[in-house]
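Participant: 3D, please:
(chains A and B)
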Amino acid sequence: MKRNNILILFVIMSLALFVLAGCAAPPTAAPAEPTQAPVEQPTAAPAPTEPPTAEPVTIQVFYPVAVDAPIADILNGYISAFEKENPNITVEPVFSGGYGDVRTAIQTTIDGGGQPPALAVMLGTDLYDLINADYIVPLDKYIDAMDNGDAYRNDFFPAFLDNSRYDGKLWSIPFQRSAVVMYYNADLFKENGLEPPDSWDALANAAQALTVRDGDNVTRWGLEWPSGWPYWLFQPLAIGAGQNIVGDSDTEVFFDHPQVIEAVQYYIDLSHKYQAMAEGVQAVWGQAPSDLASGQTAMIVHSSGSLSGLLKQVDFELGVMAVPGKEKGTYATVPGGGNLYIFKGAPQDQQDAAWKFSEFLTQPENAADFSIHTGYIASRQSAYDTSAMKDYIAQTPQAAATRDTLQYAGKELSLQDLGEVRSIFHDYLQKAYNGEMSPAEAMAAAQKAADEALAPFK
Amino acid sequence: MRTINVSAPRKRRNPILPYFLILPTGIFVLMFTAWPTLLALYQSFFRQRMNIAKFRQPTFIGLGNYAQLLGDERFLLVMKNTLVYVLITAPISIILGFLFALLVNRTVKGIGLARLAFFQPTILPMVSAATIWMFFFTPNYGLWNNALRALGYTGPQNWTGNPHLALIAIMIVTIWKNAGYYMIFYLAGLQNLPTDVYEAAVLDGASGWQMLWQITFPLLRRTTLFVSTIAFIGAFQMVDHIFVLTGGGPSRASTVLLYYLWQVRFENQNIGRAAALTLILIIFLLLFTATNFLLSERKEESYA
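Facilitator: Below is the predicted model:
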């Protein structure tokens, strides 16, 4: 789902900006964004039966669809419940494609002098770009004004808040969140007398044992670990080796750290040394879940967001766990997914209404309901105490397993100049995976290029 | 009393009507092509990066954006990829389109199905087409690799992850998608050709090969000009499948100019550099289109 977020973007991009405009760069050249027209029509709201206590206000919510779930229908359900509770507020959901499309739509609207939506679901990692561009407002004043503000703040899984804080403030709240997990065919493990792996060695050995060859031809791989857009699925390896590629600083990366290099080497070893995984860069994000379901591979590393889809496809017992770390008994993951952001360019009354709606969406019952119907990990711990969630987990224990991976979570790569730094890392990591450079050379070059890119931000 | 002099001869009308008629188009071209181009030209002389607070306001840096690009080996790789991509996909798609058109331009039973088969890739949205190809290209069980293996191919199968194959994979999809589209233009051209020249040629004892190259191809020159123009422009613009298949990777091996432009503008929010890239793209488009027209015009003269 991380890669899918930009798929449809170019249809919109190239049509709206390129084909018509003849060039894509001038942001002011896109006043034709259809999304901003209905903003100032609060009168379009159906008249509430009782007189509203406050001025009527209409807000827009931009949201992406990044998983295989009827997000639009689910959101519409929450919106009608919310409007019933708050008759003066009308919420207009605007489906905008993938995460990239939402971001592009909002950027072009604001850069073109238009008014942004009051609320949007965007990637947690967009934090620094949105703050630097002066697009969003911090949310602390709203949380502090709550009766139980601190309890509210602390109820979110800490891993999901890693990319929400900057400059002592909280800028977004977790909404549709996921994590990197390892899915495995538990039946195959049992047949071969294998335990779920608890270390790099165990993982490599299990993957090797489960690889089946017919002459030169591989009929089943032990493991598929997509690397077409590699940083996200690589991070658990680095964390598992003992050093995440990003730390607390927003201008520092640890690409050339010996333990990160070791993690790169381990990925390569899985194919070269253990022959348990296909060689080189694997641009198989889209195929991996169906490969696992159809028996082409015994394990995959993927997003927790693929759980619902996988459960529908598999005819074996599906195991879900965090990615094993280097040392025995250690595990690792990183979170991913989208948060709720409130935009500075929206009028104050819309911002306030947007907060009300955000608070509504993150109520434990709604967070639980959203998780059950989409496969996302519920953003708040108390969502798992609701009866709906308890019933669901009783039927689908894998849903609890995705949550349990969060205790091993490190911080997802997010820092200043993310687009550039991430591209640099991708380029060199893939060079190492493809054997064009040694892991040490590649990571040294990546570190140097990233340091140069980050210099103006220090 | 007013009288109307009906008998006065109307010599020349004020020639305002034609201009009036093209006014809507003119306004659109000015608004959506000329103005953004000028704006991009202007912005390309400024450093403006939305993701750095201190660079959010534009600062004039002259040709700084262009100088940075030319000194950036990633940009040079992207330019190389773009030229390879355009110069290979456009001609091959055109030639295949022409051959397909010759193949299906006959009145055999069931020819409609053949036409449909060639044209079908054109109807598919690029993103769906790319998703289908994503499965075709899958190592081991992918249809493409199975077909190649049946033909005796033993080389690498990781089409979207291998640095030497990724751009080729992208080009295969582009050609597959476009050839059928160009076929339609050639087919229309072929069906409008006069039959008498062929009758005359047959009487003169011309071979089928001679008729093809001496009559059919020259008569379709206008079609070729049109098709090659849209093919070259289209090749610069077609990048949807890159998002689906390779994400520009591995290590930028399949990144082309427009994809890079998108990354710089929307991922890196570097407005100045994106404007410079836009200008470079426009210059390439103009160069290709102008060369195409000039070559064709010269041919025209030589025929005259």
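Participant: where in chain A is pLDDT low?
Facilitator: By pLDDT under 70, the weakly predicted segments of chain A are A:1-53.
Participant: need the longest strand for it.
Facilitator: Scanning chain A for the longest strand, with DSSP state E as the assignment, gives strand A:173-185.
Participant: Let's see it as CSV, backbone CA atoms only.
Facilitator: Below are the C-alpha coordinates for strand A:173-185, written out as CSV (Å, rounded to 0.1, in the frame of the first residue of the first chain):
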residue,chain,number,x,y,z
ILE,A,173,-2.8,12.4,15.5
PRO,A,174,-2.6,8.8,14.3
PHE,A,175,-5.5,7.6,12.2
GLN,A,176,-5.0,4.8,9.7
ARG,A,177,-1.8,3.1,10.9
SER,A,178,0.1,0.0,9.9
ALA,A,179,3.4,-1.7,10.6
VAL,A,180,5.9,-3.9,8.9
VAL,A,181,5.1,-7.5,9.7
MET,A,182,6.2,-11.0,8.6
TYR,A,183,3.5,-13.3,7.4
TYR,A,184,4.2,-17.0,7.2
ASN,A,185,2.5,-20.2,6.2
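Participant: and the residue nearest in space to the middle of chain A, what helix or strand is that in?
Facilitator: The geometric centre of chain A, computed from its C-alpha atoms, lies nearest to residue A:337 (CA atoms, centre = their mean), at 2.1 Å. With elements taken from DSSP states H and E, the one containing residue A:337 is strand A:335-342.
Participant: and the stretch 251-400 of chain A, which residues reach chain B?
Facilitator: A:278-284, A:286-287, A:296 (CB under 8 Å from any CB of the partner chain). C-beta coordinates here come from the backbone N, C-alpha and C atoms, glycine included.
Participant: Let's have those residues in CSV, adding neighbour count and secondary structure.
Facilitator: Rendered in CSV, the data for those read as follows (neighbours: other CB atoms under 10 Å in any protein chain shown; DSSP: H, G, I helix; E, B strand; the rest coil):
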residue, neighbour count, secondary structure
A:278, 21, coil
A:279, 18, coil
A:280, 22, coil
A:281, 28, coil
A:282, 25, coil
A:283, 31, coil
A:284, 26, coil
A:286, 20, coil
A:287, 23, coil
A:296, 21, coil
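Participant: I figured residue A:244 was touching residue A:409, is that so?
Facilitator: No: using CB atoms under 8 Å as the test, residue A:244 is too far from residue A:409 to be in contact (10.1 Å).
Participant: The strand holding residue A:337 pairs with which strands, parallel or anti?
Facilitator: Pairing partners of strand A:335-342, with direction, according to DSSP bridges: strand A:119-123 (antiparallel), strand A:173-185 (antiparallel).
Participant: out of these, nearest to residue A:420?
Facilitator: Distances from residue A:420 to each of these were compared using CB to CB; the minimum, 15.9 Å, belongs to strand A:119-123.
Participant: and after that closest one, which helix or strand comes next?
Facilitator: Heading towards the C-terminus - elements assigned by DSSP H and E - strand A:119-123 is followed by helix A:127-132.
Participant: With mean neighbour count added, can I get the strands paired with strand A:335-342 in TSV?
Facilitator: Shown next, in TSV, are these (neighbours: other CB atoms under 10 Å in any protein chain shown):
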stretch	mean neighbour count
strand A:119-123	26
strand A:173-185	26
